[in-house]
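# need coordinates for the following:
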Amino acid sequence: MNLPKSPAPAWRRLAAVVYDALAVVAIVMVVGLLAQFATGGTLFDTQGHLLAWWYQPLQGAVVGTYFLVSWVRGGQTLGMRPWRIRVTDADGMPVTWARGAVRLAAGALPLGLLTLYPLVSLKIALWAPVVGWAVLLLPAFIDRRRRGLHDMAAGTEIRHLP
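Below you'll find the model as predicted:
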């Protein structure tokens, strides 16, 4: 694969994130619907408490699989395609399963901040992952190859396609 060495500009990455957020919402809705069918509509009790212990891990696994398979099988998620950006390794080669898994794990770390909810308000707990992702992306503004911490950890880059 002979890709240009030019890193993708920040605005293309942010546009792809918006598109991917829409794809993730759709995935979560479909998985939620299937889970409701599987439980006969008893996924939540009358107070809105989750009854199925497997529901949130299933959602995480399906969303994680969407990203991992997209990166490994073509280097692009649905959000990356219209903006002509691709995830590669440092040499411009496709991402391996191992690199993709490291990138996914590092990129998902800020979601762990949601566990702050019992200790802080819901508003703070929901903003904590956003701040975490901002911290992950801050190095992209000073790194020569515009890599975030998750890309540095995985040895990957986001490149602009011609």
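# any idea which helix is longest in this protein?
Using DSSP state H to define each element, the chain has its longest helix at helix 10-38.
# that helix - contacts with which helices or strands?
helix 55-73, strand 85-89 (3 or more Cβ pairs under 8 Å, 6 or more residues apart in numbering; DSSP states H and E). Where you see a C-beta, it was placed from the backbone N, CA and C, and this is true even at glycine.
# identify the residues contacting the residue lying farthest from the centre of the chain.
Relative to the mean C-alpha coordinate of the chain, counting by Cα atoms, centre = their mean, the farthest residue is residue 46 (31.5 Å). Not one residue lies near residue 46 by Cβ atoms under 8 Å, 6 or more residues apart in numbering.
# would you confirm that it belongs to a strand?
No: if the criterion is DSSP: H, G, I helix; E, B strand; the rest coil, then residue 46 is coil and not within a strand.
# quick one: classify residue 158 as helix, strand or coil.
strand.
# state the distance from the closest residue to residue 161 other than its chain neighbours to residue 148.
Using Cβ to Cβ, 6 or more residues apart in numbering and skipping residues adjacent in sequence, the residue nearest residue 161 is residue 84, 4.2 Å away. Distance of residue 84 to residue 148, computed by Cβ to Cβ, to the nearest Å: 19 Å.
# more crowded one of these two?
More neighbours surround residue 148 than the other of residue 84 and residue 148, with 25 against 14 (other Cβ atoms under 10 Å).
# correct me if wrong: that one contacts residue 141.
No: if you go by Cβ atoms under 8 Å, residue 148 and residue 141 don't touch, sitting 9.6 Å apart.
# picking up where we left off before, of the helices and strands packed on helix 10-38, which stretch is the most buried?
strand 85-89 (a mean of 21; mean count of other Cβ atoms under 10 Å).
# and the helix or strand that it is followed by, which residues are buried?
Sequence order places helix 97-108 as the next helix or strand after strand 85-89, per DSSP states H and E. Applying a neighbour-count criterion of 16 or more other Cβ atoms under 10 Å, one finds 99, 100, 101, 102, 103, 104, 106, 107, 108 buried in helix 97-108.
# show the average pLDDT along the helix or strand that comes right after helix 97-108.
Using DSSP H and E, the helix or strand that follows helix 97-108 in sequence is helix 122-137. Taken as a whole, helix 122-137 has a mean pLDDT of 93.
# brilliant, that's me finished.
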